[in-house]
Every structure is written in C-alpha cells, then in structure tokens.
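>>> Below is the sequence, then the predicted model.
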Amino acid sequence: MTIRLAKSAGFCFGVNRAVNLVYDLIPTGGCIKTLGPIIHNPQVVEDLAQQGVEILDSPEQAKAGDKVVIRSHGVDAATEEVLRQTGAEVVDATCPFVAKIHRIVRTASQEGKTVLIAGNPDHPEVQGIVGHCQGECYVAQSLQELEKILKETGAGSVKNAILVAQTTFNTEIWENFINSAKKLCTKLEFFDTICNATNQRQKEAIRLAQESDRMIVIGGRHSSNTHKLYEVCSRYCPTVLVETAGELGTVDLSGAERIGVTAGASTPAHIIKEVLQTMSEITSNENFAEMLEQNLSDDAKLYTGKRVKGVVIDIRPNEVVVDLGAKQTGFVAKDEMTDNSDQSLDQVVSKGDEINLIVLKVNDQEGTVACSKKRCDAQAGYEEIKKAFEEGAVLEGVITNVVKGGVLVLSHNTKVFIPASQVSDHRVEDLNTMLKKEVRFKILEINERRGRALGSIRAVLNEERKAKEEEFWNNVEVGKKYTGEVKSLTSYGAFVDLGGVDGMIHITELSWGKLKHPSEVVNVGDVVEVYVKDLDPERRRISLGYKKSEDNPWNIFMSKYQIGDVVKVKIVSFTNYGAFATIIPGIDGLIHISQIANQRVEKISDILTLGEEVDVKIIDINPENKRVSLSMRALLPETDQKIVRSSDDNDEDEGEE
Ligand code: SF4
C-alpha cells in the first residue's frame, strides 16, 4: 500500500497568519477575543479557549479594552464600525486576499457598478464582501442562479457590472460562470479572486484522487474549503472526511492500494501529522511522520538565486514583508522593489498582492530571507528586450540616468544604454534635458554574456519620419491645405514643416505688398496655414501659397469703390506728371497734374505736401492694368474750372496699383 500526502495540504498563509496573530496576542495579556471562531477547526479553537481566548458571537458583545481579532474571512464595514465604537482594540486578521476583494467591490459600487459575487451567500466571507458594497449587489452560487440574475437585472448587459468570486469558490464552476457570462454580457468585468492556495489545493486534490483508490480529507466539518476538497475528490474515488486521527478507527481502508491524503486550509500541521502516524500504525509499513517532515520542508528549501512567489503581508516605509510559504519571512528592501525613489512602496504593491521574487540571501538563524523584485523583473524584462531585438520591435521606456557617453532608458525593468549619438535625430547639447522623458527606441545590439542591451531612439525617429514622408507624398496634391510650422527663413522665402516634409513659401507669396524680408510677415516657430501651389515629386520640392485672395487689395478696392465716388486719400509721392495717393492699403491712385487745380500747376509741391490728406473723386478705373485715376479738380465748382495743362502733358495719365 502507498500513501501520498498532497503538498498543499494544511494551513494556507491567510489562516496561518490569523492563528499566529491570536497566539502572539496571548502573552501580551488582557482580554483576547475573536469575532466568531478564528478557524473552522474545533481542536485549534479548543486549544485557544484553554488559553483564555473567548469567542464573541456578535460585535456588540465586545467591551472597552478587549482585544478583538477579526478572523481571516473578514467582516463587513458596519460590523467593524460597531466593534470600534465599543472601545475595543480591533486586531484585523482579514486575509489580504479577502481585503483585496473588499477594495474591488467598494470601488466598483462607488463607480455605480452592480456587484455580482460568485459564492455561498451564507458564508461569512461572502457576507463580509456584501457588506462592503455600497450599491446593487447579488450573490450566485450556481450557474442557473447567475444566469437568472443577469437576465432579470440587466447586470452586465444594460448596467455596468463586475463579477468577483469568494476566495474558496470552486474553480470549475467559476470557469463555467465566466463562459456563460461572456455570452450574455458585454458590460461585465471579471475579477478572478479565487485564492491561489485554494486553487492549487483543489487541483492537486483532483490529481491525487485520480491516481488513488481512496482519498482521506482532513479538516473541520464546518470548513467550506475542506468540504469542497471532499466534494471534488469524491468525483474520482471513494473519499472520507476526518477531523482528527481518532476518527480513522472507523475508516475502512481494506482493498485500497493507493491512498491519497489532503487537508483543508484550516487544518493544523500537527493534526495532519497525527493522522499520518495513525495510518502508519494501521498499515505498519511506512514512516509517514518522516514523509510529512519531508513534505513540509520540500517547498521551504530556499537558496540564493531561487525564483519564488511571495504574498505581500506588510508594507513598511523602507521594506515590504512577504509570505514565501516557508518557515522564514521574506523581506524586500525598497531599493530592491523599485528604481523610482519618488514612489512610496504602497504605490508599488498592495497587501495581498502575489509578486515574483529572487532570493538574495537566506538567514536561517534569524529566520529571514532577503529578496529582490527588481532583479526578478529585470530578468523577465531582459527576455522581453531580447524578443524585441529579434523581432525589430519598438520599445517604450523612460530616461532615468545620464551616464558617460549617453543615457539609460528603463524599459520592462531593464536598463538599456542609448549612446549620445542615438538619443535623437539632431544633436542634443545637454543630455540632462532628456531626463524623465518617455521615449520610443529600438534595440541595436544585445550582449548576452553581459546581459546588456544597446538601443537607439534615433532609429525610431528616422523610421517614423520616413513613414510620414511616404504618407505625405502619397496624399499630397496641388491646392491641398496644410497647417505647418515655420522652420527657417532665407532672403527669398520661408521653409515650413508640413509634418515630416518641408515646403517653401516664396517671399512674393507671403504678402500682396512688397517685402524686403520674409520676417516682415512670419518668424521661425510660427504656425501657418498654407496650400500647395506646385509640386515636384521627383526632386521632392513643394511650393506653398500663403497670401489669400480675400486679402488681395485690388479685390477689396473693387468691391467697395466705383467711378464717381469721392474718397479721402493720402498723398504719398510726386512725379513730374502728378501725385500718387493711397486710397486703401496696397492701392494708390494718380492725381494727374491737370487734375490738381483749376489753374495751371507749375510745381506740385507748391499745392500738395507728402502725407497730406485730400478729398478726390475717382474718375477712372482700369481693371486690366489695375490703375485708378483721381481728380481734385472734379470737386471744384464747374464755373471756376479752366483747362490747365502741365508742361509735360504727354506723360502717363493713369494711376497704378
Ligand atoms: S484567501 Fe486563501 S490564503 Fe486567505 S485565508 Fe482564504 S484560503 Fe487562506
């Protein structure tokens, strides 16, 4: 006959933590009480009772000065409040995994979401979870119940909803829940809150039951997870549930060649040991106690460099305390958690989080294990970096350090060196200006032996620029409008970045008037609206238009004035055949010397002065040549008029723009 004990049999870390908390309180003195039995194990409860620990049935029974322990199942918010109001000292032993569910449902309810809980509505853990919901909340134990709730309430289809599970919920039923809910709902978010300890214990029990002729499940008859173990094992072979070794006498093991043993999360190691020893005596062919020691110590073997999983049980300012599932306690110093010294540790992890770690040092004398999350993440991160190198993929990261010859970028918890020549597509004078910037980069080289990588931001920028150029040339056409930034000015025009491609506005295109330099209209950094005037795809040249037809002064003039109109104009220049006067900005008209006065004018400056404003009549408009003729004389009384000709009559007789 062979007897095999499941490795996951016995106390889970949450129960272990709660029970130890009570035992640790006993030497501190005072009235120690637990709100309900600390675990579903009558032997442990009895032992505690003998040491003076009382059980309260309700929070109101607590008295000021009592030390009341909330068990690993947790309680609802109202119960905790009542307890505190009694004046008792509350010692919270809620398992961090359960506390995490409280946080999830509280946040979801505050966001107005409906909360669905997969679990037993009569279980204290579920009642505690319900008590942390601040809105609509339903509990479903079976698939039928869940489907009914989803259909009748519209949760997940009409209303936003979340689905969480009791930590000890059956994993197979949970998978059915998810599959069914996915078909019925589009607005349902799932949170797999089944505790790993439960999950592993159930899976291992199933495997063991499949390979055994008989299963023995050790645990309290009121323990939900023990019952679940019994239930899943029973599907594969005859299974018996015992609370203690004393019950083995009535168990018929005859004919069983392979016996499997597992135990619930609330079963202490000494009870498992007793059961195995008794079985050893019954079968008298194995030293099961030795086997138990072996079993209990296998997982606990820790050594430098071992990859382990730890559950966060405490967060201190400079370290995180983790349960490694071993007899030693794990510690992760702040600088082994994160590189970001500005972050506090509770921004990095929460109590109950399961994190991957590497063992740095085991101190058996002190019972401590120094671990590193950062190095573990970096190892996993390095694999990601290698993959990105092989696939030519673009990575994202943040520049964390300026070092000799370049910068370091943190990506996937791994630092990648970027040489100064590769940090940008232009020269960067001061690399410190790049600190804390989020960047995209490619890996150019990997040094496997040294575990180092060399990257380039420039490679990504160049690729992106080329892609933009291609896209531009595929879509550009004459007349298309763009918004761009003025990148540089020359004496003959302004260069504008149209999004990866530069175009030029010729100086004559910048204004309807005459310019001495483009800077009279635009400056470097200005964002301008332009349109494509002309294209040369082969030489990749683009001529841009800037000035708008609605700003054309001739059009403005023509829309406002006509022959016969009297306008006030400003004298701006003289010629020997007349004076030019500005009508509107950009449009000058000519007052011919014969149209200045009734009498003959020998010298224009005897009558007019530059800058002077005079009233004139528009006597002719020549749209073809864009010329305007003006007359002061036309505004004089006709009787006073006398034809007066200048000495230079055959000169021009029309104004010009
Ligand atoms: S949630 Fe898991 S670890 Fe916590 S008490 Fe329950 S079974 Fe144990």
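Cool, got the structure.
>>> Only C-alpha atoms from now on, for both contacts and neighbour counts.
OK.
>>> Give me the buried positions along stretch 529-541.
Using 16 or more other Cα atoms under 10 Å as the test for burial, stretch 529-541 gives Glu529, Val530, Tyr531, Val532, Lys533, Leu535.
>>> Out of the helices and strands in this protein, which is least certain?
One helix or strand of the chain scores below all others by mean pLDDT, DSSP states H and E: helix 288-298, with a mean of 49.
>>> Check which element follows that helix along the chain.
The element immediately downstream of helix 288-298 (helix or strand, assigned by DSSP states H and E) is strand 307-315.
>>> Now do stretch 563-576, average pLDDT.
For stretch 563-576, the mean per-residue pLDDT is 95.
>>> From the rest of the structure, what touches it?
Contacts of stretch 563-576 with the rest of the structure, by Cα atoms under 8 Å, 6 or more residues apart in numbering, involve 579-583, 593, 604-605, 608-621, 648.
>>> Just the C-alphas of that stretch, formatted as CSV.
This file holds the C-alpha atoms of stretch 563-576, laid out as CSV (Å, rounded to 0.1, in the frame of the first residue of the first chain):
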residue,chain,number,x,y,z
ILE,A,563,-16.2,105.7,-60.7
GLY,A,564,-17.7,108.9,-59.3
ASP,A,565,-17.1,108.0,-55.6
VAL,A,566,-15.5,110.8,-53.5
VAL,A,567,-12.8,109.5,-51.2
LYS,A,568,-10.2,110.8,-48.8
VAL,A,569,-6.7,109.9,-49.9
LYS,A,570,-3.2,110.4,-48.6
ILE,A,571,-0.5,111.9,-50.8
VAL,A,572,2.4,109.5,-50.9
SER,A,573,4.7,110.6,-53.8
PHE,A,574,5.2,113.1,-56.5
THR,A,575,6.2,112.7,-60.2
ASN,A,576,6.6,115.4,-62.8
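>>> before we move on, the earlier item: in PyMOL, how would I select the buried members of the contacts of stretch 563-576?
The buried residues among the contacts of stretch 563-576 can be selected in PyMOL (16+ other Cα under 10 Å) with this line:
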select buried, resi 579+580+581+582+583+593+604+616+617+618+619+620+621
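>>> Just the ones in strands from the contacts of stretch 563-576, please.
Residues of the contacts of stretch 563-576 located in strands (DSSP state E): 579-583, 613-621.
>>> mind putting those residues in a markdown table, distance to Val164 included?
A markdown table is the format used below for the ones in strands among the contacts of stretch 563-576 (distance: Cα to Cα, whole Å):
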| residue | distance to Val164 |
| --- | --- |
| Ala579 | 91 |
| Phe580 | 87 |
| Ala581 | 85 |
| Thr582 | 81 |
| Ile583 | 80 |
| Glu613 | 85 |
| Val614 | 88 |
| Asp615 | 87 |
| Val616 | 88 |
| Lys617 | 88 |
| Ile618 | 86 |
| Ile619 | 89 |
| Asp620 | 88 |
| Ile621 | 84 |
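>>> Can you tell me how far the residue in the stretch 201-350 of the chain positioned nearest to the ligand is from Ala18?
Closest residue of the stretch 201-350 of the chain to the ligand, Cα to the nearest ligand atom: Ala265 (6.0 Å). The spacing between Ala265 and Ala18, counted by Cα to Cα, to the nearest Å, is 12 Å.
>>> tally of neighbours for the residue in the chain that the ligand sits nearest to?
Nearest residue of the chain to the ligand, counting by Cα to the nearest ligand atom: Gly14, 3.8 Å away. Using other Cα atoms under 10 Å, Gly14 has 26 neighbouring residues.
>>> That one is in what secondary structure piece?
Assigned by DSSP H and E, Gly14 belongs to helix 13-25.
>>> tell me which residues in the helix or strand just after that helix are buried?
Per DSSP H and E, helix 13-25 leads on to strand 32-35 as the next helix or strand towards the C-terminus. For strand 32-35, burial by neighbour count (16+ other Cα under 10 Å) applies to Ile32, Lys33, Thr34, Leu35.
>>> show me the contacts for the first one.
Listed by Cα under 8 Å, 6+ apart, the contact partners of Ile32 are Val22, Leu25, Ile26, Gly52, Val53, Glu54, Asp66, Lys67, Val68, Val69.
>>> what bridges to the last one?
In this case it means Val69. Using DSSP bridges, the beta-bridge partners of Val69 come out as Thr34, Val91.
>>> Is stretch 323-341 positioned near the ligand?
No - against the ligand, stretch 323-341 shows no contacts by Cα under 6 Å from any ligand atom, the least distance being 10.3 Å.
>>> Below-threshold pLDDT in the stretch 201-350 of the chain: ranges please.
283-300, 327 (pLDDT under 70).
>>> where do the helices sit along it?
Taking DSSP state H, counting those that start in this stretch as the criterion, the stretch 201-350 of the chain contains helices spanning 224-234, 269-283, 288-298, 334-337, 345-348.
>>> Now that we have these, can you turn them into a markdown table and tack on distance to Glu383 and mean neighbour count?
Output for the helices of the stretch 201-350 of the chain, formatted as a markdown table (distance: least, Cα to Cα, whole Å; neighbours: other Cα atoms under 10 Å):
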| stretch | distance to Glu383 | mean neighbour count |
| --- | --- | --- |
| helix 224-234 | 38 | 22 |
| helix 269-283 | 40 | 18 |
| helix 288-298 | 29 | 16 |
| helix 334-337 | 19 | 20 |
| helix 345-348 | 22 | 13 |
